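Trainee: let me see the structure of the following:
(chains A, B, C and D)
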Number of protein chains: 2
Amino acid sequence: MQKEQSLAENTVQRLRTMILRGELASGTPLQERTFAEKLGVSRTPVREAIARLVSEGLVTRTHRGVPTVNRISITELVEILHARRLLECETARQTASVHSDPEIWLKYKRILAGYLSGERPDRAEHADFDYALHMQIARMAGSSLLCEMIEGLKLKTRIFDQGEIPARFEPGVREHIAILDAILARDPDAAEGAMRVHIDNAREAILTHINRLM
Amino acid sequence: MQKEQSLAENTVQRLRTMILRGELASGTPLQERTFAEKLGVSRTPVREAIARLVSEGLVTRTHRGVPTVNRISITELVEILHARRLLECETARQTASVHSDPEIWLKYKRILAGYLSGERPDRAEHADFDYALHMQIARMAGSSLLCEMIEGLKLKTRIFDQGEIPARFEPGVREHIAILDAILARDPDAAEGAMRVHIDNAREAILTHINRLM
DNA sequence: TTGTTGTCCTTGGTATACCAAATATTCAGA
DNA sequence: TCTGAATATTTGGTATACCAAGGACAACAA
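Mentor: As a prediction, the model looks like this:
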């Protein structure tokens, strides 16, 4: 009935990447007709795409129902990191307590080691890596629900990851390594602790970074 | 522009309550045209409503994209309770650690005391009460994100709450009282512990109940 | 100049027409 | 009776027409 992927699905992805790449700044109104024309489809798929993005939290309907690219507040950001800490500490713990192919983790460690020895990735690449690593840990924990929830949360803060804080790069890499080491050592407590440290540090860094701007 | 509430919104609610009340059994296909006619609206709002329900997880798109009332699996149920434990232990803890008007909680305790002294509510009423209590605790924790997440999770298992396990009624009431007492005593550790016991017990009860049926 | 009012236009909400794919059905031929 | 191809029907996906509400703006009166 549909050709591999519906137009609506396609439109969701296009809009989402536009938002995540910052091409659509926070606060941009997503008018149905405008974007239908811009993307070369009718209003129907755009409408459906917007509805999906609203449910994902990337877009909110402001006054009079005008869908607008979500301007994420500091409060929200803190709440997201708080929730992520709850969920990801658990996935780290669980992943560390089940058997998994060490090669999975060694692959990530090699890349991280590379980062430490000078070859810095660009922002987008590093954001992708971070995303992949956290999701891998979530996936191996064995709960697809937790995985989806974490994915949804990480998505919302992805806009932030793009303009990451330079001073956080190296500490972040080391924290990731600590998490991987704990998983490789099959030490649940250490894995949970390392993840907690990682997310707490990220939160602190973001908060001080934001405060410095104001 | 819209008369208080859009038809689509209205349709979501109608479909949702039909699902939660069991009027639409798990596995029922939600055909757009059929329900459009049944509800007296066009396909458009029905389509949007179905999309919303899919994103809520009450409906899934099975083979060939036919939306179907979600048949929740035991695995999913366990995963949901697992996630709820993570989130609700935290909200219980936080709610217990901030100041709140004791009257809020005393009101719930009075109702629970009534339940213990004989006046049993019917299933739907008790499900509503349980929902209200858990959501109140989540709300007072101060994180609207956690609140939404918990709400979403509770929604998915609501179909289960309807046909609750009789033997769980009194223990459930006592567990709720324990949680409320901990909150009233401003004892975060006790609140978290009580919530953990409550959810763990619920999970065990559901699992043994289901196993007995098979 | 200022305030009001009426018109126009934009916007999201809804209904509906049409399409393509998949399935069900029917009917002819062996 | 069985088979298989042609046809009808059903279904979700898409495009589009229309509507009412709200805002922008111009024109006119005080």
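
Trainee: just the closest residue of chain A to DNA strand D, please.
Mentor: Using CB to the nearest atom of the strand, the point where chain A gets nearest to DNA strand D is residue A:7, with a distance of 2.7 Å. (Each C-beta comes from the backbone N, C-alpha and C, glycine too.)

Trainee: quick check, pLDDT for that residue.
Mentor: Residue A:7 carries a pLDDT value of 88.

Trainee: now do it: how many residues are near it, please.
Mentor: By the measure other CB atoms under 10 Å in any protein chain shown, the count of residues near residue A:7 is 18.

Trainee: quick check on the residue nearest the centre of chain A: phi, psi?
Mentor: For chain A, the residue sitting closest to the mean C-alpha position, by CA atoms, centre = their mean, is residue A:154 at 2.8 Å. Backbone torsions for residue A:154, taken as degrees, to the nearest 10, come to phi -60, psi -40.

Trainee: that one contacts residue A:135, doesn't it?
Mentor: Yes - if you go by CB atoms under 8 Å, residue A:154 and residue A:135 touch, sitting 7.4 Å apart.

Trainee: ok, the residue nearest to the centre of chain A - contacts?
Mentor: Shown in contact with residue A:154 (CB atoms under 8 Å, 6 or more residues apart in numbering or on different chains): A:84, A:131, A:134-135.

Trainee: ok, residue A:112 next?
Mentor: With contact taken as CB under 8 Å, 6+ apart, residue A:112 is in contact with A:173, A:176-177, A:180.

Trainee: which of the residues you listed are buried? Put it as a PyMOL command.
Mentor: Of these, the buried ones can be selected in PyMOL as follows, counting by 16 or more other CB atoms under 10 Å in any protein chain shown:
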select buried, chain A and resi 173+176+177+180
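
Trainee: count the neighbours of residue A:122 for me.
Mentor: The tally of other residues near residue A:122 (other CB under 10 Å) stands at 8.

Trainee: next one: phi and psi at it?
Mentor: When read as degrees, to the nearest 10, the backbone of residue A:122 gives phi -80, psi 170.

Trainee: and it, how far from residue A:42?
Mentor: Distance of residue A:122 to residue A:42, given as CB to CB, to the nearest Å: 36 Å.

Trainee: is chain B within reach of the longest helix that chain A contains?
Mentor: Using DSSP state H, we find that the single longest helix of chain A is helix A:188-213. No - applying CB under 8 Å from any CB of the partner chain, one finds helix A:188-213 separated from chain B by no less than 11.9 Å.

Trainee: low pLDDT regions in chain A?
Mentor: Residue ranges of chain A with pLDDT under 70: A:1-4, A:162-164, A:213-214.

Trainee: now the strands for it?
Mentor: Using DSSP state E, the strands of chain A run over residues A:59-61, A:67-69.

Trainee: among those, which comes closest to DNA strand C?
Mentor: Here strand A:67-69 is closest among these (CB to the nearest atom of the strand), at 5.9 Å.

Trainee: which elements pack onto that closest one?
Mentor: Identification of packing neighbours for strand A:67-69 by 3 or more CB pairs under 8 Å, 6 or more residues apart in numbering or on different chains; DSSP states H and E yields helix A:43-56, strand A:59-61.

Trainee: relative to DNA strand C, which of the ones you listed is closest?
Mentor: Among the helices and strands packed on strand A:67-69, the nearest to DNA strand C by CB to the nearest atom of the strand is helix A:43-56 (6.4 Å).

Trainee: helices or strands up against the closest one?
Mentor: helix A:7-20, helix A:32-39, strand A:59-61, strand A:67-69, helix A:144-156, helix B:43-56.

Trainee: before we move on, the earlier item: list the contacts of the residue of chain A closest to DNA strand D.
Mentor: A:41, A:45.

Trainee: would you mind measuring from it to chain B?
Mentor: The gap separating residue A:7 from chain B is 13 Å, by CB to the nearest CB, to the nearest Å.

Trainee: next one: residue A:158
Mentor: Residue A:158 is 16 Å from chain B, where distance means CB to the nearest CB.

Trainee: same check on residue A:169?
Mentor: Relative to chain B, residue A:169 is positioned 27 Å away (CB to the nearest CB).
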